[in-house]
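In: whatever this is, show me its structure:
(3 chains)
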Amino acid sequence: MAQAMPEAILRTESLTKRFGGLTAVDTVSIELHVGEVHAVIGPNGAGKSTLTNLLSGDLRPTSGSVFFAGKDIAGLSSDRISRLGIGRSYQKTNIFLPFSVFENCRLAAQSRTPHAWRVFHGAAEFPDINLMAEEAMVAAGLSQRRDMVAAALSHGEQRQLEIAMCLATRPRVLLLDEPLAGMGPQESQDMVELIQKLAGRHAIMLIEHDMDAVFAVAHKLTVMVNGEVLESGVPEAVRGSPAVQTAYLGGEDFLNG
Amino acid sequence: MSFAFFLIQLLNGMQYGLLLFLVASGLTLIFGIMGIINLAHGSFYMVGAYLAWSLAGMTGSLTAAILIGIPLTVVLGMFLEWLLMRRLYGRDHLYQVLLTYGLILVFEEMRSILWGDDVYGVKVPDLLNHSIALTENLSYPVYRLGISAVCLLLAAGLYFLIKHTRLGMMIRAGASNREMAQSLGINIKLVYTLVFALGVALAAFAGMINAPVSSVYPGMGAQVLIICFVIVVIGGIGSVKGAMAASIMIGMADTFGQILVPEVAGMIVYLLMAVVLVWRPEGLFGRI
Amino acid sequence: MRALRLAELLLLLLFALLALFPLIDSTFYTQLITKVMIMAIFAMSLDLLVGYTGLVSFGHAAYFGLSGYVLALVAPQYEAVSLWWSLPAAMLVCALFALITGILVLRTKGIYFIMVTLAFAQMVFFVFHDTKFGGGSDGIYIYAKPTLVIAGFQVLNLEKLNQLFYLVLIIMAAVYLLLRRILGSTFGRALLGIKENEHRMRALGFPTFGYKLSSYVLSGALGGLAGYLAAVQYGFVNPEILSWHQSGAVLMMVIMGGMGTLYGPVVGAFAFVLLQEVLSDQGFLGPVAKHWQLAMGIFVILVALYLPQGLAGLLRRRKAEASDGSSDA
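Out: Numbering: from 1, shown residues only, chains lettered A, B, ... in the order given. Predicted coordinates:
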């Protein structure tokens, strides 16, 4: 992949986060492009989730920059980053359990519209919001569950809803933090297909432990260890890298993964 | 303001602050370790004061009253923890507020039934019933110095307890991680009971030793409670060090406020809190 | 949704009963029910915070009292002030106070929030208690009740108990409908989302601080509305109306009735005030009634332990069981 890539939509430069004496993310520079799934892997504690939190604004970086469409957004609050078009899903399912599936999506879509302060209209009276919510539900394969309370969904469906809510905000960048966590084989398969489908119109950063899934969807792969980037490139190249093989996973499983 | 007068105010502020620390430290420990907001904490201060008055009346000595009163309040604390507080662990703060508010009503009414609604004075022990002359017409009571000294001793003891004893280790472990403490074989239930009883005893003791200074009156608990809330907010939840710093700050601000700007003295501590909120919403020594 | 509709039907019934109530023609009971309805408005305003935004305020009395003091201070000594501008003025002062303190208190969460709201309310208490400007601890009398004059014609005479009763009844209904409407809007849904999981709402792009502040200000203004009416009814204000027991009592009404339901706090206000009346009735309970607070305290503790969803929760549970049974048929 030596040809000139178009400008990255999201790009970090020497991004660093320290917690006291611990450097959780150490001068990380990565790029995300629309149409690409960029998988970030590494052992527990490698700093993957911290990286996600830095990109989404849940944490403020200690130093370094995050450029979104050319503009430095490091240190902005998470709601502003979300409104710019960067959506995220959570490792632990983080949905509104007492609300219906539709209401979860509708609420997410609502954040994109200027109707918030029209307090004398019913919440469901805005066709544009409803449409965004419906589309997100369809995209995430949840239209059958529209009126079900989120708490009653299966674990896999809750993970789908997590992504549907993210989609309802119409982001250009998706930060997916272990979307397959705790899923059965069939659910995982569905999720992998969903991610592949979404890759067409979004820039996706995927954090995942399931190597089958990672190699099935990733266009680019970054390996993190101890907060640093060990290796980054196309999956085949990274897979063959001696540094990765010695430093991570003791070689064997990873090679055949 | 002459120097002697200034010195007296300084000592008064210090004494008031140290006394508040006894109440606030228990409050902040109970917040920090058990995650409970206890509105009834001021009632323990009141219970202490009334106990001191009634026991001193029976025995004729405040010292004896305190020696009998402390074990009683420890038992009261353990009983309340066993009966009510343990049902609140992990529940929404809303219900903690509600239950402990109900407790205040119960305590106030019990006070009214047992001890009546009058204001009572408590005699200073003879041994400490002296004054040190500072100038011709200004002097400082030894008893107040005694209060400050006892409070400082207790503060040092509390510091030692938390930093250097097994119970203190358990307290710190419980504060940082309940599950981990439990899996290490720490009897967290017992730790909670002890911490709560300790908090109750500290507040009650403050009420006892201050009874000769403040006298004993209905509603005295509420006033102290709200000031101690301000102290905890300023110092940072769960921080005993913060409670100490904030107590002295409030003691001084209130004492000098009454002298310099009596009209708005009641507001000063709240304004101080507002400033801290703007500057450091997590409190001076807050961990969040 | 069916549960809601039944509750609404019951409320309509309650409204009709209340509308007929003055026919009983008892000064004592008309005054008592007026007081209860004022507390119901107060409790609904707090439910907006506690039940719908997830903010447990223990200083709501500040608005209740502040507004009463505004009325007492703007009213000329022996002349009636116009309701037209004194009511909005009182509510505006409350809204402003909520805006300023809200910016501060909303920087905190959880236990901090509870303590800080209490502390600010206490600050207001001391302002009126310690300074002469509000009459000190004695308070101020309001000798003439506000009037409502339209085109030179006196529409309302609040000296008449029944007219005050109906004014309060209509305002209570209006506040209920207004809050229902607001809570059903996108704004209201966002508040519920914040109550459920504020962090997630921010990640979805909601500037949650602005939402919370708006809710806080609206709640303060409506609390002020209740306080204004109370000052009109009693004809005087003193620092007691700002006391933290007032904050505790209204929180109690919200929880006892069932927070986050809007009709719950109305039920809670009725239950609380009437219970208080019964417990402190010497003719009924004899000398024990002097210590009614003891019984009230025990009652409050029992509600906290065994009735977390309040009376409305009981109603809902019963209904859930009933509809489970009927859906099989």
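
In: just the pLDDT for the residue in the stretch 151-288 of chain B positioned nearest to chain C.
Out: Nearest residue of the stretch 151-288 of chain B to chain C (C-beta to the nearest C-beta) works out as residue B:266 at 3.2 Å. No exception for glycine: its C-beta is placed from N, CA and C like everyone else's. What the model reports as pLDDT for residue B:266 is 81.

In: surely it and residue C:124 touch.
Out: No. Here residue B:266 lies out of contact with residue C:124, judged by C-beta atoms under 8 Å, at a distance of 10.4 Å.

In: part of a helix, is the residue of the stretch 151-288 of chain B closest to chain C?
Out: Yes. Looking at residue B:266 with DSSP: H, G, I helix; E, B strand; the rest coil, it is inside a helix.

In: just list the residues touching it, thanks.
Out: The contact partners of residue B:266, by C-beta atoms under 8 Å, 6 or more residues apart in numbering or on different chains, come to C:123, C:126-127, C:129-130.

In: same check, this time on residue B:149
Out: No residues are in contact with residue B:149 under the rule C-beta under 8 Å, 6+ apart.

In: distance-wise, check it relative to chain C.
Out: When distances are taken as C-beta to the nearest C-beta, to the nearest Å, residue B:149 and chain C turn out to be 30 Å apart.

In: what residues sit buried inside the helix or strand that residue falls within?
Out: Assigned by DSSP states H and E, residue B:149 belongs to helix B:142-164. Of the residues in helix B:142-164, B:143-148, B:150-151, B:154-155, B:158, B:161-162 count as buried by neighbour count, 16 or more other C-beta atoms under 10 Å in any protein chain shown.

In: got it, and stretch A:102-115?
Out: A:102-112, A:115.

In: which residues touch the residue lying closest to residue A:238 once chain neighbours are set aside?
Out: Distances taken as C-beta to C-beta, 6 or more residues apart in numbering or on different chains place residue A:221 nearest to residue A:238, at 4.5 Å, with adjacent residues excluded. Neighbouring residues of residue A:221 by C-beta under 8 Å, 6+ apart: A:38-41, A:214, A:232-235, A:238-239.

In: so which of those residues sit within helices?
Out: Secondary structure defined by DSSP state H assigns A:214, A:235, A:238-239 of these to helices.

In: give me the buried subset of the residues you listed.
Out: A:214, A:235, A:238-239.

In: show me where the chain has its strands.
Out: No chain was given, so I picked chain A. A:10-19, A:22-28, A:31-32, A:37-41, A:63-68, A:71-72, A:86-89, A:173-177, A:203-207, A:220-225, A:228-233 (DSSP state E).

In: that's the other chain; I wanted chain C
Out: According to DSSP E, the strands that chain C contains are C:140-141, C:147-150, C:153-157, C:236-237.

In: hmm, back to that, partners of the residue nearest to residue A:238 in the sheet?
Out: residue A:39, residue A:233 (DSSP bridges).

In: for residue C:147, same thing?
Out: residue C:82, residue C:157.

In: show me the contacts for it.
Out: The contact partners of residue C:147, by C-beta under 8 Å, 6+ apart, come to C:80-83, C:154, C:156-158.

In: mind putting the contacts of residue A:221 into CSV with pLDDT?
Out: Listed next are the contacts of residue A:221 as CSV, based on pLDDT from 0 to 100:
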residue, pLDDT
A:38, 96
A:39, 95
A:40, 94
A:41, 91
A:214, 92
A:232, 90
A:233, 89
A:234, 90
A:235, 88
A:238, 86
A:239, 83
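
In: could you list the low-pLDDT ranges of the chain?
Out: Going with chain A. Low-confidence segments of chain A (pLDDT under 70): A:1-5, A:114-117, A:247-257.

In: let me rephrase: I mean chain C.
Out: C:1-4, C:315-329.

In: can you count the residues close to residue 154?
Out: Using chain A here. 12 (other C-beta atoms under 10 Å in any protein chain shown).

In: that's the wrong chain, I meant chain C
Out: 10.

In: which SS class is residue B:77?
Out: Recorded secondary structure, residue B:77: helix (three-state DSSP).

In: so the closest residue to it other than its chain neighbours is in which element?
Out: With C-beta to C-beta, 6+ apart as the criterion, residue B:77 has its nearest non-adjacent residue at 3.1 Å, and that residue is residue B:200. Following DSSP H and E, one finds residue B:200 within helix B:188-214.

In: who touches the nearest residue to residue C:249 once chain neighbours are set aside in this structure?
Out: Nearest non-adjacent residue to residue C:249, counting by C-beta to C-beta, 6+ apart: residue C:272, 6.8 Å away. Neighbour list for residue C:272: C:39, C:249, C:252-253, C:256 [criterion: C-beta under 8 Å, 6+ apart].

In: ok, 10 Å please
Out: Listed by C-beta atoms under 10 Å, 6 or more residues apart in numbering or on different chains, the contact set of residue C:272 reads C:36, C:39-40, C:43, C:249-250, C:252-254, C:256-257, C:265, C:296, C:299-300.

In: same check, this time on residue A:131
Out: residue A:109.

In: so which bits of the stretch 1-150 of chain B are right by chain C?
Out: B:27, B:31-32, B:35-37, B:39-40, B:83-84, B:87-88, B:91-110, B:112-113 (C-beta under 10 Å from any C-beta of the partner chain).

In: and the contacts of stretch B:177-197?
Out: Under C-beta under 10 Å, 6+ apart, the answer for stretch B:177-197 is B:26, B:29-30, B:32-36, B:38, B:73-82, B:85-86, B:89-90, B:166-167, B:169-175.

In: any of those residues buried? List them.
Out: B:26, B:29-30, B:32-36, B:38, B:73-74, B:76-78, B:80-81, B:85, B:170-171, B:173-175.

In: just the ones in helices from these, please.
Out: Using DSSP H, the buried ones among the contacts of stretch B:177-197 in helices are B:26, B:29-30, B:32-34, B:73-74, B:76-78, B:80-81, B:170-171, B:173-175.

In: and the residue of the stretch 101-250 of chain A nearest chain B?
Out: For the stretch 101-250 of chain A, C-beta to the nearest C-beta, closest residue to chain B: residue A:151, 18.1 Å.

In: I'd say that residue and residue C:196 touch.
Out: No. Counting by C-beta atoms under 10 Å, residue A:151 does not reach residue C:196; the two are 11.3 Å apart.
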